[in-house]
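Enquirer: Fold the following, please.
(one chain, ligands or ions: 1)
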Amino acid sequence: MQILSGKARLAGVLGWPIAHSRSPRLHGFWLARGGIDGAYLPLPVSPDAFAGAVRALVDLGFAGANVTLPHKEAAFALCDTVDAVARRAGSVNTLVFGADGAIHGTSTDGYGFLESLAEQAPGFAATEGPAVILGAGGAVRAVAAALLDAGCPRLILVNRTAERAEALARDLGGFVEVAASADLRGVALLVNGTSLGMDGQPPLEIDLAALPSQAVVADMVYVPLETPLLAAARARGLQGVDGLGMLLHQARPGFSAWFGMAPVVDAELRAFMRADLP
Ligand SMILES: NC(=O)c1ccc[n+]([C@@H]2O[C@H](COP(=O)([O-])OP(=O)(O)OC[C@H]3O[C@@H](n4cnc5c(N)ncnc54)[C@H](OP(=O)(O)O)[C@@H]3O)[C@@H](O)[C@H]2O)c1
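Expert: All right, here's what the predicted structure looks like:
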């Protein structure tokens, strides 16, 4: 049983809808494990109400909040300060409220993706070779920037809407190309950053035969955890990285900032989160 005191630290996740979010379960696990006097709440907030809701959280003394679809860009615009990572991503998923009421924003999706790669594909380095990323949405924006910053020598974006990929390539600059389809020859890392393969969405149709045998395949989708893409990769003997790792690791910086304790991603947490996934 967890009882809050009058000094409990408060945080939450703003999204619309929010019922599907696993973040309250994740942060709730860490709060319980650490015996922390604090709470993390699901906060369903429509786009019209978003700016007012964030200001209300500041007034209510919240320590901060996560922001998910469709608010990540609105959150960026609302912040008093954003760090370099958020500026590069053009969006924010983590808000930290200062004692003076200032709203600080950062984007931890790229960090979460790299940490998950390090955990699930140890030995892989972004510098190893070209990466192909499928998709060009908000999550890809953050992950692509993180891969480039980690030394990825060449990034190829493949997206249904080519203009969106071209705009992202322009924003990122450097070694980023846009292609109409994925040529997997010589590729070190393949990332699915679309919603294809997610429960209720169409499957992702891609032939992995041309991928080199040491390539890594990462899926940002985590419902289901073992996507058909990951199953196909593992059937070929390739290393697979699931989307749950990214979800767990992107949450760490926010939790540390709000609750003053660095949370750990380990097998017990993964099992707890897996129990809630199809
Ligand atoms: N594991 C994690 O922690 C984590 C965090 C964030 C996101 N994600 C996952 O990452 C994925 C993208 O999320 P997001 O926030 O970037 O969403 P988003 O901004 O809405 O982008 C969605 C992407 O999927 C593509 N797409 C959607 N339906 C498609 C279809 N039928 N055929 C081809 N492409 C399609 C879109 O292409 P168009 O540009 O052509 O529309 C776009 O590139 C989702 O699966 C999400 O669950 C995971």
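Enquirer: how close does the residue in the stretch 1-150 of the chain that the ligand sits nearest to get to Leu204?
Expert: With C-beta to the nearest ligand atom, the shortest gap between the stretch 1-150 of the chain and the ligand falls at Gly137, namely 2.1 Å. In this view, the C-beta of every residue, glycine as well, is placed from N, C-alpha and C. Per C-beta to C-beta, to the nearest Å, Gly137 is found 14 Å from Leu204.
Enquirer: Next: Arg33.
Expert: Applying C-beta to C-beta, the value for Arg33 to Leu204 is 35 Å.
Enquirer: These two: who's more crowded?
Expert: Taking neighbours as other C-beta atoms under 10 Å, Arg33 and Leu204 compare with Leu204 leading, 18 against 15.
Enquirer: Only the buried residues of stretch 93-109, if you could.
Expert: Asn93, Thr94, Leu95, Val96, Phe97, Ile103, His104, Gly105, Thr106, Ser107, Thr108, Asp109 (16 or more other C-beta atoms under 10 Å).
Enquirer: Which two of those have the greatest separation?
Expert: Phe97 and Asp109 (20.4 Å; C-beta to C-beta).
Enquirer: how about low-confidence regions in the stretch 51-200 of the chain?
Expert: Regions of the stretch 51-200 of the chain meeting the criterion pLDDT under 70 are absent.
Enquirer: Residues of it that sit close to the ligand?
Expert: Taking C-beta under 6 Å from any ligand atom as the test, the list of the stretch 51-200 of the chain residues beside the ligand reads 69, 109, 112, 135-140, 159-161, 164, 193-196, 198.
Enquirer: 8 Å - rerun?
Expert: When proximity is defined as C-beta under 8 Å from any ligand atom, the stretch 51-200 of the chain approaches the ligand at 68-69, 72, 109, 112-113, 116, 134-141, 159-161, 164-165, 192-198.
Enquirer: From those, which land in strands?
Expert: Leu134, Asn192 (DSSP state E).
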